[in-house]
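> Just to be clear, the model below is a prediction. Sequence and coordinates:
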Amino acid sequence: MITCRLFVVIILCAIIAPSAGARIGDTVTQIEARFGKPDHEVAPMKEGRQHLAYHFKTYNVNVVFRDGLSAWEAYEMQQGGAVPDAFFHAVLDENGGKAEFTVKRSNNGQVEWQRKDGKITATRSSGGGFQIGLTGFGKGPGMSPRLLRPIRGSGSTFVMCPAESKNANPE
């Protein structure tokens, strides 16, 4: 006999999972099919990159495209609070394929997962938001060591590091 709680969890997963998040590597058209048209471009970036913001259901979603493909995404609740575990895990599932994610490290209230093939990393902040993207995206010559930083005191709101600006000086 299925308990009421289990039934509710199954229904929520069925509703959330199919439309959860985008997959890293999706095109702008595929992202728009999931989230709708972007609200605005967040910040000017290096040539070949674009940072767009979307409102999807009760989430704020930021996506950075590299050469027309999603390379990084960040999710947070529009009204604050933690992104539900079911949604977070559905996004991991969307990006896992046959590979599985394992916890890579946990410090300062943040937990990092990495896909076993090493291509995608996800980080969940203590404030309840999370980001997922290509491992190492935002690193290298002329790039900031981290793609984004939390806005002080915001919990899970992120901004692009200055080195991502198209006007940034190479290091």
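That came in fine, so what should we check first? Residues are numbered from 1 along each chain as shown.
> so what's the nearest residue to Thr58 once chain neighbours are set aside up against?
Across the structure, with CB to CB, 6 or more residues apart in numbering as the measure, the residue nearest Thr58 apart from its sequence neighbours is Gln78 (5.5 Å). Where you see a C-beta, it was placed from the backbone N, CA and C, and this is true even at glycine. Gln78 sits next to 55, 58-60 when contact means CB atoms under 8 Å, 6 or more residues apart in numbering.
> Need phi/psi at Gln78.
Gln78 adopts backbone torsions of phi -60, psi -30, taken as degrees, to the nearest 10.
> Only the buried subset of the contacts of Gln78, as a ChimeraX command please.
Restricted to buried positions by 16 or more other CB atoms under 10 Å, the ChimeraX selection for those reads:
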select :59,60
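> Sort out which residues of stretch 44-60 are buried, please.
By neighbour count, with 16+ other CB under 10 Å as the criterion, the buried positions of stretch 44-60 are 45, 49-54, 56, 59-60.
> ditto for stretch 130-139
Of the residues in stretch 130-139, 130-134, 137-138 count as buried by neighbour count, 16+ other CB under 10 Å.
> now swap in stretch 23-40 and tell me
By 16+ other CB under 10 Å, the buried positions in stretch 23-40 come out as 23-24, 26, 31-32, 34-35, 38.
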